[in-house]
Every structure is written in structure tokens, then in C-alpha cells.
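Engineer: Need a 3D model of the following:
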Amino acid sequence: MKQLPAPEHAAIVGRLRAAGCVFAEDEADLLVAEAPDAAWLENAVQQRVAGEPLEYIVGWAEFCGLRVHVAPGVFVPRLRTSVLVHEALRVAPRAPVVLDLCCGAGGIGAAILAARPDAVIHAADIDPAATACAERTLGEVAARASAAGPRPAGRSQVYTGDLYDPLPSTLRGTVDVLVANAPYVPTDDIRLMPTEARDHELTAALDGGLDGLELQRKVARAAGEWLAPHGHLLIETSRRQAAATGGILESAGFSASTVRDDEVEGTVAVGERAHHHTSLSLPAQRDG
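Structural biologist: Coordinates of the predicted model:
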């Protein structure tokens with residue numbers, strides 16, 4: 001639907017605001033723009049008033065200027081993860097091979113591919129609903145890059161399985177940039193998360209174990225087998241956990257630094273092989 005009469009639009013805004021939607025006007029505009037007909041719009045408003053995340057209702061989330069497909073239960077890309085994308089692009093060589101573990105809906109790999117059409121993206125997640133979304137988004141980004149002109153066309157491949165388990169053995173030792181937004185919320189802290197995440201996203205997409213770092217340890221321990229000699233390992237973390245994540249990287253044989261962007265509240269631990277340390281790494285910041 002292109003637009004609604006002002007009184008009807010105002011009524012939707014009022015319903016959303018009464019339900020606690022902070023950005024009620026923007027959400028109303030989006031739902032009207034996405035609605036194929038009045039029946040869909042009414043159902044969508046009812047879902048939103050009942051607390052369904054907006055991204056699940058419209059079927060996509062905006063991330064780094066892209067529409068990333070999402071489905072109910074799939075982790076919704078957060079703005080803070082744009083820091084992980086920026087750092088991956090900073091350290092990536094020409095025609096990089098990128099591995100995105102715990103890829104969720106595929107937003108990180110898609111954003112890297114959109115910025116670097118020469119990249120080869122490998123993405124993996126244990127949730128088949130998430131990898132189905134990732135395949136759609138990465139496929140669309142790759143198709144747009146191919147249609148844009150004679151630039152080198154990158155490729156993408158999505159795998160379903162636990163961390164490194166589904167990856168082909170031919171990928172070992174070839175990855176230039178390994179990115180991981182593995183779940184890092186301590187189990188006991190999930191109850192403190194916003195309702196939309198706690199009640200609608202799969203717990204497995206949030207739960208990082210007792211201290212939140214369980215999956216980060218697993219990623220870091222095996223990363224050396226998959227990285228090229230010059231490769232980098234980048235892990236999203238929190239300000240509070242940054243020092244511990246850096247310690248995990250160092251224990252796995254990497255030199256570690258921390259990048260923090262307060263504007264989007266994003267924190268990334270950057271690891272590179274200690275014996276290939278270069279000025280690309282920023283001085284370590286031990287965030288508490």
C-alpha cells in the first residue's frame with residue numbers, strides 16, 4: 001500500500017504507541033509501505049501490538065544499508081555488529097576468503113560482499129532457518145554485484161552445522177578473515193534482555209554459557225587450522241567481556257587488540273597470528 005488517509009494512519013500510530021513502540025510513527029510508515037493490502041496491514045499491526053518483533057513481521061532487517069532476510073526465531077542483526085564488518089574490511093586483502101561462523105541471517109557476510117564484490121564468503125550456522133535466510137540474502141547481494149558491471153564477481157556458500165563441522169576440508173588454511181558473532185550473553189543474563197529478544201529469538205542464538213564466552217573459546221581454539229598464515233580472527237564481544245575475549249585470543253596463539261565504537265555500542269576483539277604481527281592491530285584496550 002502506498003499510503004493511508006491521515007486519520008487511519010494516525011490511528012495505527014496511536015495503537016503502536018499505546019503498545020509501547022518507541023518509534024511508533026516510523027513503524028507505522030514501514031508497515032503501510034510493506035502492506036500488500038488492508039487485511040495484511042491489520043494483521044501486521046495486531047502482531048506488533050502483541051509484541052512480535054517488527055523484523056519478523058516484514059521479513060527483513062536493515063543492516064549496513066542492506067535488507068537482510070529474517071524469519072521467526074532467527075537472530076536479528078544489530079547495529080553494533082557493523083563494527084565487526086568495518087574491521088573485517090579493514091584487514092581484508094584483495095579477493096579475500098571470508099568465513100562467517102554463527103552467521104545467523106547472513107548480514108555480516110552480505111555486508112562484506114556488498115562492499116567487496118571480489119570476496120568469497122563462506123557462512124555457517126547451526127540453525128537451518130537462519131542459513132535459509134543467509135542463502136537468500138547472500139544470493140541477492142552476489143546477483144546485484146554481478147549485474148553491476150565487469151568487476152570481479154565474488155561467491156558465497158552457506159553451510160548448516162555446528163561451528164566448523166559442516167565446512168569442507170579444502171577450506172582449511174585458506175581463510176583470510178574469520179568473523180564470529182557467536183552468542184556471548186551469559187546464561188543467567190538472558191532474563192535481563194529486552195523482551196523482543198528474550199521471548200522471540202532462539203535461546204541458542206543468545207546463550208554463551210555460564211560466562212558468555214563458551215563459544216568464543218571453541219571458535220578461537222580451532223581457528224588456526226582454517227586461517228591462512230596472514231589471517232585474522234575477529235570476534236564480537238561486549239565492553240565488559242572484551243578483556244576476557246582478548247585473553248581467549250592470546251591463549252589460542254593470536255596477538256589481540258580491541259576496537260570499540262561507542263556510537264553504536266559495538267566492541268570487537270581482533271586477533272592476528274602473533275608471529276605475523278603488523279601495524280594493522282590497534283593497541284589493546286582492556287575494557288572492563
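
Engineer: Strands along this protein, start to end?
Structural biologist: Here the chain has its strands, by DSSP state E, at 60-63, 66-69, 97-101, 120-125, 155-160, 175-180, 227-237, 254-261, 266-273.

Engineer: With residue 229 as the reference, measure out to residue 267.
Structural biologist: Using CB to CB, to the nearest Å, residue 267 is found at 27 Å from residue 229. Where you see a C-beta, it was placed from the backbone N, CA and C, and this is true even at glycine.

Engineer: buried ones in stretch 121-131?
Structural biologist: Buried residues in stretch 121-131, counted by 16 or more other CB atoms under 10 Å: 121-127, 129-131.

Engineer: meant to ask about stretch 133-151
Structural biologist: Those would be 133-138, 140-142, 145, for stretch 133-151 by 16+ other CB under 10 Å.

Engineer: what does stretch 171-189 give?
Structural biologist: 171, 175-187.

Engineer: would a markdown table of the residues you listed with distance to residue 253 and pLDDT be doable?
Structural biologist: Below are the buried residues of stretch 171-189 laid out as a markdown table (distance: CB to CB, whole Å; pLDDT from 0 to 100):
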| residue | distance to residue 253 | pLDDT |
| --- | --- | --- |
| 171 | 19 | 97 |
| 175 | 15 | 98 |
| 176 | 17 | 97 |
| 177 | 17 | 98 |
| 178 | 13 | 98 |
| 179 | 18 | 98 |
| 180 | 16 | 98 |
| 181 | 22 | 97 |
| 182 | 18 | 94 |
| 183 | 23 | 91 |
| 184 | 21 | 90 |
| 185 | 26 | 90 |
| 186 | 26 | 90 |
| 187 | 28 | 93 |
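
Engineer: Specify which member of those residues is nearest to residue 72.
Structural biologist: residue 183 (17.9 Å; CB to CB).

Engineer: Provide a list of residues in contact with that closest one.
Structural biologist: By CB atoms under 8 Å, 6 or more residues apart in numbering, the residues touching residue 183 are 102, 204-208, 212, 215.

Engineer: Now render these as JSON lines, adding neighbour count, distance to residue 272 and pLDDT.
Structural biologist: Output for the contacts of residue 183, formatted as JSON lines (neighbours: other CB atoms under 10 Å; distance: CB to CB, whole Å; pLDDT from 0 to 100):
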{"residue": "102", "neighbour count": "27", "distance to residue 272": "20", "pLDDT": "97"}
{"residue": "204", "neighbour count": "14", "distance to residue 272": "29", "pLDDT": "88"}
{"residue": "205", "neighbour count": "22", "distance to residue 272": "28", "pLDDT": "89"}
{"residue": "206", "neighbour count": "18", "distance to residue 272": "28", "pLDDT": "88"}
{"residue": "207", "neighbour count": "18", "distance to residue 272": "28", "pLDDT": "86"}
{"residue": "208", "neighbour count": "22", "distance to residue 272": "23", "pLDDT": "89"}
{"residue": "212", "neighbour count": "25", "distance to residue 272": "23", "pLDDT": "91"}
{"residue": "215", "neighbour count": "21", "distance to residue 272": "20", "pLDDT": "96"}
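
Engineer: Redo those as JSON lines? Include distance to residue 45.
Structural biologist: Below are the contacts of residue 183 laid out as JSON lines (distance: CB to CB, whole Å):
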{"residue": "102", "distance to residue 45": "33"}
{"residue": "204", "distance to residue 45": "30"}
{"residue": "205", "distance to residue 45": "26"}
{"residue": "206", "distance to residue 45": "27"}
{"residue": "207", "distance to residue 45": "32"}
{"residue": "208", "distance to residue 45": "35"}
{"residue": "212", "distance to residue 45": "36"}
{"residue": "215", "distance to residue 45": "37"}
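
Engineer: Residues contacting the helix or strand bottoming out on mean pLDDT in the chain from elsewhere in the structure, which ones?
Structural biologist: In the chain, the helix or strand scored least confidently by mean pLDDT, DSSP states H and E is helix 195-200, which has a mean of 84. Residues outside helix 195-200 that contact it (CB under 8 Å, 6+ apart): 51-53, 56, 72-73, 76, 190-191, 206.

Engineer: In helices, which of those residues fall?
Structural biologist: Members of the contacts of helix 195-200 lying in helices (criterion: DSSP state H): residue 56.

Engineer: Going by distance to residue 41, which of the contacts of helix 195-200 wins?
Structural biologist: Closest to residue 41, out of all of the contacts of helix 195-200 and judged by CB to CB, is residue 52, at 14.1 Å.

Engineer: and the residue lying closest to the closest one once chain neighbours are set aside, how many neighbours does it have?
Structural biologist: Excluding its sequence neighbours, the residue lying closest to residue 52 (CB to CB, 6 or more residues apart in numbering) is residue 200, at 7.0 Å. Neighbourhood size, residue 200 [other CB atoms under 10 Å]: 17.
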